[in-house]
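Engineer: Here is a sequence together with a model predicted from it:
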Amino acid sequence: MYNETVMDHFEHPRNQGAIEDADGEGEVGNAQCGDIMKIYLKVEDDTIADVRFQTFGCGAAIASSSMATELIRGKTVEEAWDLTNKAVVEALAGLPPQKVHCSLLAEEAIHAAINDYRVKQGLEPWEETGGHREGHEH
Amino acid sequence: MNTEKRLVYMDHAATTATRPEVAAAMVPYMTGHFGNPSSLYDLARVSREAVAAAREQVAAAIGAEPKQIYFTSGGTESDNWALKGVAFARKAKGNHIITSAVEHHAISHTCVWLEKQGFSVTYLPVDRYGMVDPAAVEAAITPETILVSVMMANNEIGTIMPVAEIGAVARKHGVLFHTDAVQAVGHIPIDVRAQNIDLLSLSGHKFRGPKGTGALYIGPGVRLDPLMHGGAQERGRRAGTENVPGIVGMGMALELATAEMEENTRRITALRDRLTAGLLSIPETYLNGHPERRLPNNVNVVFAYIEGESILLMLNRRGIAASTGSACSTTSLEPSHVLMACGLPHEVVHGSLRLTLGEQTTEADVDYVISAVMEIVQRLRDMSPLTPAELRSRPESG
């Protein structure tokens, strides 16, 4: 059901774990699928210096968490914010149609973690425009 | 842990391997003895006699008369036929059907369809073990009730229902009683007369017969409309050329399963209990279904804080085939209606694992599965944000 890239990230998840003194944390859940994803960020010079995840969920949810953290590591906070679930699915070389919504969770968890970081910095949280998600399958 | 690639099949409730001697016995009815049982020449007589012999084998296994056995394409057809056939044959008498909340979809989806045709259906709740209370059946019967359908044993949690008592209640009120015995036939003793059963569904591939074979037992005096219209096969009640090789295979497989039932039950129950004890040694792990009144081969547990599809994927990589009630393992994204009906919360249903044993399961298989599951549960709990600190295998590092 899953391709080898997905299975590789599921079986050897990158950046799994927690960051004790994280600069930003975000937890989101999807009751429909029973997935919960938590993202921890360390930010240095407006760059994602470290990122970790914890996920309760299916193979697609775990693989999406792993891939999403890989994609934002070393990026600026703005670049990390712009990561779309479509980019995660593409990097995973595809997910079964009924599992695409699991990748959306990774995008939402990163947004929640970034806004937690921004609020802690005394900045305004960014708004979910939803614009860049148009046309995605979920 | 042992990482060598082996196959440990722990999904016998889904299907079983056809016995080699059964497959061999079927071949002549595809090649030399290919005659249509409805034809008049000698070639057809061989086919006709083979079907008659299989009918006797199936009847003997459930305490029925051969003339009360009707061959079908499987459990789903038998269930559809029993429900739709009785509903339409008795609709002048009433339009109410009683069933349970934990039936197989072959029953529950048929009931939903019958509701659209104007019938009214009561879906009885179950207790935490998945049992229907016969007193609740009696309380649900109205003057409009024409049929009660409650499964003999549940396919997910293995709970064995009090069918004899439910059948007695139905009989007392002049209501027909059907039971979906797909998971029970060939695995536990059945006597349609002693258990007050009017209609019973069975499926060949659940007891090491071929797929695409099944039967409906129709008791004396039971009227029901045909599901399949056409020729006069099966005494005019089920049209379509008989699946002669399949019928031969199913009859032989059921005769063998019945003869070996006592020995298999003793051996497999011991393995099941070993597996259950091993899994329950994992913290925050709970058994689903009834602790005693359950099928000899069924183990169903939930592990807190993790999700079932992830467990299955990791088991598969270790060569272990199993099943889960998690929504994430299905295309519909619906969690197990059986576990939900037993009162388990949504998030707990996601962490369920069903392991169903078979004749070929060994003690070494069971021990291999226990150690694999222990390792997988720990790995997934380490990954989950829900896991309490005391259940994590190592401190989180930044």
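Structural biologist: Nice, I can see it.

Engineer: Can you name every helix or strand that the helix of greatest length in chain A contacts?
Structural biologist: With DSSP state H applied, the helix covering the greatest number of residues in chain A is identified as helix A:100-120. The elements that helix A:100-120 packs onto, with contact taken as 3 or more CB pairs under 8 Å, 6 or more residues apart in numbering or on different chains; DSSP states H and E, are strand A:24-30, strand A:35-44, helix A:59-72, helix A:77-81, helix A:85-91. C-beta here means a position set from N, CA and C on the backbone, and glycine is covered the same way.

Engineer: Return the most buried member of these.
Structural biologist: helix A:59-72 (a mean of 27; mean count of other CB atoms under 10 Å in any protein chain shown).

Engineer: elements contacting that one?
Structural biologist: helix A:4-11, strand A:35-44, strand A:47-56, helix A:85-91, helix A:100-120, helix B:308-317.

Engineer: and those as CSV, adding mean pLDDT and distance to residue B:265?
Structural biologist: As requested, those are arranged in CSV below (pLDDT from 0 to 100; distance: least, CB to CB, whole Å):
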stretch, mean pLDDT, distance to residue B:265
helix A:4-11, 96, 38
strand A:35-44, 96, 40
strand A:47-56, 97, 38
helix A:85-91, 96, 49
helix A:100-120, 94, 42
helix B:308-317, 95, 26
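
Engineer: With distance to residue B:159 as new columns, can those be given to me in a markdown table?
Structural biologist: Formatted as a markdown table, the helices and strands packed on helix A:59-72 follow (distance: least, CB to CB, whole Å):
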| stretch | distance to residue B:159 |
| --- | --- |
| helix A:4-11 | 33 |
| strand A:35-44 | 29 |
| strand A:47-56 | 28 |
| helix A:85-91 | 40 |
| helix A:100-120 | 32 |
| helix B:308-317 | 19 |
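
Engineer: Of all those, which one is nearest residue B:293?
Structural biologist: helix B:308-317 (24.3 Å; CB to CB).

Engineer: Give the buried residues for the closest one.
Structural biologist: Residues of helix B:308-317 classed as buried: B:308-315 (neighbour count, 16 or more other CB atoms under 10 Å in any protein chain shown).

Engineer: ok, which of those residues also contact chain A?
Structural biologist: For chain A, the contacts drawn from the buried residues of helix B:308-317 by CB under 8 Å from any CB of the partner chain are B:309-310, B:313-314.

Engineer: Now stretch A:80-97 - C-alpha only, PDB.
Structural biologist: C-alpha atoms of stretch A:80-97 as PDB (Å, rounded to 0.1, in the frame of the first residue of the first chain):
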ATOM      1  CA  ALA A  80       9.300  26.500   7.000                       C
ATOM      2  CA  TRP A  81       5.900  28.200   7.300                       C
ATOM      3  CA  ASP A  82       5.400  27.900   3.500                       C
ATOM      4  CA  LEU A  83       6.000  24.100   3.500                       C
ATOM      5  CA  THR A  84       2.800  22.600   2.100                       C
ATOM      6  CA  ASN A  85       1.400  19.200   2.600                       C
ATOM      7  CA  LYS A  86       1.600  18.800  -1.200                       C
ATOM      8  CA  ALA A  87       5.400  19.300  -1.000                       C
ATOM      9  CA  VAL A  88       5.500  16.600   1.800                       C
ATOM     10  CA  VAL A  89       3.500  14.200  -0.400                       C
ATOM     11  CA  GLU A  90       5.800  14.900  -3.400                       C
ATOM     12  CA  ALA A  91       8.900  14.300  -1.300                       C
ATOM     13  CA  LEU A  92       7.400  11.000  -0.200                       C
ATOM     14  CA  ALA A  93       6.800  10.100  -3.800                       C
ATOM     15  CA  GLY A  94       3.100   9.900  -3.200                       C
ATOM     16  CA  LEU A  95       0.600   8.700  -0.600                       C
ATOM     17  CA  PRO A  96      -2.600   6.600  -1.100                       C
ATOM     18  CA  PRO A  97      -5.500   9.000  -1.700                       C
END
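
Engineer: Show residues contacting it.
Structural biologist: Outside stretch A:80-97, the residues that touch it by CB atoms under 8 Å, 6 or more residues apart in numbering or on different chains are A:1-3, A:5-6, A:9, A:48, A:60, A:63-64, A:67-68, A:70-72, A:75, A:100, A:102-104, A:106-107, A:110-111, A:114, A:126, A:132-133, A:136-138.

Engineer: Now the buried members of the residues you listed.
Structural biologist: A:2, A:6, A:9, A:48, A:60, A:63-64, A:67-68, A:70-72, A:75, A:100, A:102-104, A:106-107, A:110-111, A:114, A:132.

Engineer: Could you save the helices and strands packed on helix A:100-120 as CSV and add columns showing distance to residue B:63?
Structural biologist: Putting the helices and strands packed on helix A:100-120 into CSV (distance: least, CB to CB, whole Å) gives the following:
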stretch, distance to residue B:63
strand A:24-30, 50
strand A:35-44, 49
helix A:59-72, 46
helix A:77-81, 69
helix A:85-91, 56
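
Engineer: Report the backbone C-alpha coordinates of stretch B:278-294 in CSV.
Structural biologist: What follows is stretch B:278-294 as a C-alpha-only set of coordinates in CSV (Å, rounded to 0.1, in the frame of the first residue of the first chain):
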residue,chain,number,x,y,z
GLY,B,278,2.4,-12.8,26.7
LEU,B,279,0.7,-9.8,25.2
LEU,B,280,-1.0,-8.8,28.5
SER,B,281,2.4,-8.7,30.1
ILE,B,282,2.9,-5.4,28.2
PRO,B,283,1.8,-2.5,30.4
GLU,B,284,-1.5,-0.8,29.6
THR,B,285,-2.6,-3.6,27.3
TYR,B,286,-6.2,-4.9,27.5
LEU,B,287,-8.1,-8.0,26.2
ASN,B,288,-11.1,-7.3,24.0
GLY,B,289,-14.0,-9.8,23.9
HIS,B,290,-15.1,-12.3,26.5
PRO,B,291,-12.4,-13.8,28.7
GLU,B,292,-13.9,-17.3,28.6
ARG,B,293,-16.8,-17.5,26.1
ARG,B,294,-14.6,-16.9,23.0
